[in-house]
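1. Predicted structure and sequence below. I'll ask about it afterward.
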Amino acid sequence: MAGVQPQAQGKGGGKTALGLRKRKRVGVGIDMTPMVDVAFLLLIFFMVTTVFRRPLAMEVNMPEPGAKVEVKESNVMTLYVGADGSMMYDIGRQGLNPVTWDELREVLVLEADYNPELIVLAKVDREAKYEYMVDLLDTFDDAQMGRFSVIPMTEEDKILMEGL
């Protein structure tokens, strides 16, 4: 709390240049302890009640080296992503169909509804921007595709894409 404490008189006597007597100054001391206590209580309160945002990360399960899984060809959707961001997809061996980034989520959802055992095999050109890879994984997450693999595109795949 605040309190009034008389200040000790300094040197030089008690008279001014005009011969008047100086008044004693009263010093005011303010106890800052309660304010510091309240500040720390507020700090602790906000630290304890703050909810931190969870990190945005996708869990990726990597297969064991050399592991092979037999899958019916009709359950595999192959998605090709070119260096320029162009995309095509093929289900089984039905033939390549062009698809845009805006249509990709809808195609994935429709095909997954039609075939619940669908596995997406994404072949991405090594010359493609990293942004395409991130957008592709985000689209898989939005479409709730739980089973997918990402592998580099081969030269045969590039020739197949360029042929169409």
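-> Received the coordinates, thanks.
2. so where is this protein shaky, pLDDT-wise?
-> Residue ranges of the chain with pLDDT under 70: 1-15, 56-60, 164.
3. Go again with 50.
-> Judged against pLDDT under 50, the chain has no low-scoring part.
4. what are the ranges of the helices in it?
-> Remark: helices assigned in the chain by DSSP state H are 33-49, 101-114, 130-142, 155-163.
5. Show me what the last one packs onto, helices and strands only.
-> It stands for helix 155-163. With contacts defined as 3 or more Cβ pairs under 8 Å, 6 or more residues apart in numbering; DSSP states H and E, the packing partners of helix 155-163 are strand 76-81. Using the backbone N, CA and C atoms, a C-beta is placed for each residue, glycine as well.
6. can you give me how far the strand it packs on is from the chain middle?
-> Chain-centre distance of strand 76-81: 26 Å, with Cα atoms, centre = their mean, to the nearest Å.
7. just checking, what packs against it?
-> Short answer (3+ Cβ pairs under 8 Å, 6+ apart): strand 76-81 packs on strand 87-91, strand 119-124, helix 130-142, helix 155-163.
8. That one to helix 130-142, inter-axis angle?
-> 150 degrees (axes from the mean of the first three to the mean of the last three Cα atoms, to 10 degrees).
9. which residues touch strand 76-81?
-> The contact list for strand 76-81, computed with Cβ atoms under 8 Å, 6 or more residues apart in numbering, reads 87-92, 96, 108, 111, 118-125, 128, 132-133, 136, 153, 157, 160-161.
10. Relative to it, what are the paired strands and their orientations?
-> The pairing partners recorded for strand 76-81 under DSSP bridges are strand 87-91 (antiparallel), strand 119-124 (parallel).
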